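Asks: Show me the folded form of this:
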Amino acid sequence: MTLGDRPHVLVIEDDLAVRDVLRRYLELDAYDVTLAADGPNGLAAARDLAPDLIVLDVMLPQMNGLEVCRQLRETDDSEVPIIMLTALCETDDRIAGLRSGADDYVTKPFSVKELTLRVGSVLRRSLVPAGPRPVAGLLMDGDLTLNPVSREALQSGSVLPLTTREFDLLHFLLRHPRQVFSREELLQQVWGWEYGDHSTVTVHVKRLRHKVEPVRAEPRRLVTVYGLGYRWDPDPEERS
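Replies: Here you go, the predicted model:
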C-alpha cells in the first residue's frame, strides 16, 4: 500500500473473543482488518491479501503460529512485519517466534492499547511513501548499501530480504560503526523499549548475521564483544 490508504492488518487468532476485541480496536485506529481463526487459513490470507502487518498467535489449531511465520519467511520470502502473541510464561515460545522471523512479540494477557501502539510503531517503520526515492544519505559498507528513505538494503547489488526489525538493527549499527552496544542499549535504541526480554536482541543479531556475514560461523562484521555486547566492524577497505 501507499501512505494515505488505510493500512491492512491480518489477525490470526483462534480465540473468538480476542479476535473480536482486536478487530474493534484496530478498526477504531483506522486499520482495515482481516481475521483468520487457524494456521492454514491465516497463511492463505497472508499470501492472497498481502497485508501490511500480521498479528499472529503462537498456539493455533492445525498449524501453529511458528510454522506460519517460518513458511512466510523461508518459503514465500515475505518481509511483512509480524507481531507474535505468546503466553507470558513461555519464554521458549518467544525465542522460537523471533527465530522463525517475527519482528516483535506481545505476551498474553496483554493490554489491547499496548498492542495497537506496537502495531503503529512497527508500521511506521515499514511503510514507505510512494514516489521518487532519494538517494541522499545512503549508508555503504563493502558490498552492503542501505537506503534509509526507501528502506531498501542491497548486498552485491541484489536486494537483501530484511524484516522491519532486522533493517532497523542494521541501520543503527551502520550509523554507529566500531561502537559497542549492550543488549539493553540496543533494546532501547532500536526497539524503543525501556525494558524487555534481552533474548529479543540476541535472536535478531543471529538472524542478521545469517544474512550479512560472508562466513556465518565466523562473523567479522557484527561481532560479539564478550561481556559487553555487540559491535559493527566496517569492511577493511572502508576504514580510515
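Asks: Tell me the buried residues in the worst-scoring helix or strand of the chain on mean pLDDT?
Replies: Comparing helices and strands within the chain by mean pLDDT, DSSP states H and E singles out helix 91-100 as the least confident, with a mean of 75. The neighbour-count check on helix 91-100 (16 or more other Cβ atoms under 10 Å) flags 93-100 as buried. For every residue, glycine as well, the C-beta is placed using N, CA and C.
Asks: what does stretch 218-227 give?
Replies: Buried, per 16+ other Cβ under 10 Å, within stretch 218-227: 219, 221-222.
Asks: Which of those fall in strands?
Replies: Leu222 (DSSP state E).
Asks: so, if you compare the buried residues of stretch 218-227, which one comes nearest to Gly137?
Replies: Closest approach to Gly137 among the buried residues of stretch 218-227 (Cβ to Cβ): Arg221, at 20.5 Å.
Asks: closest to Gly142 among the buried residues of stretch 218-227?
Replies: Arg221 (8.1 Å).
Asks: Quick one: low-confidence residue ranges for this structure.
Replies: Low-confidence segments of the chain, defined by pLDDT under 70: 1-4, 88-91, 93, 127-136, 195-196, 236-240.
Asks: mind listing the helices in it by residue range?
Replies: 16-28, 39-49, 65-70, 91-100, 112-126, 164-175, 183-186, 199-212 (DSSP state H).
Asks: what's the most buried one of those?
Replies: The highest average neighbour count among the helices of the chain, using mean count of other Cβ atoms under 10 Å, belongs to helix 65-70 at a mean of 23.
Asks: Output it as PDB, restricted to C-alpha atoms.
Replies: Listed next in PDB are the C-alpha coordinates belonging to helix 65-70 (Å, rounded to 0.1, in the frame of the first residue of the first chain):
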ATOM      1  CA  GLY A  65       2.000 -19.700  14.500                       C
ATOM      2  CA  LEU A  66       5.700 -20.600  14.400                       C
ATOM      3  CA  GLU A  67       5.100 -22.700  11.300                       C
ATOM      4  CA  VAL A  68       3.000 -20.000   9.700                       C
ATOM      5  CA  CYS A  69       5.800 -17.500  10.300                       C
ATOM      6  CA  ARG A  70       8.500 -19.900   9.100                       C
END
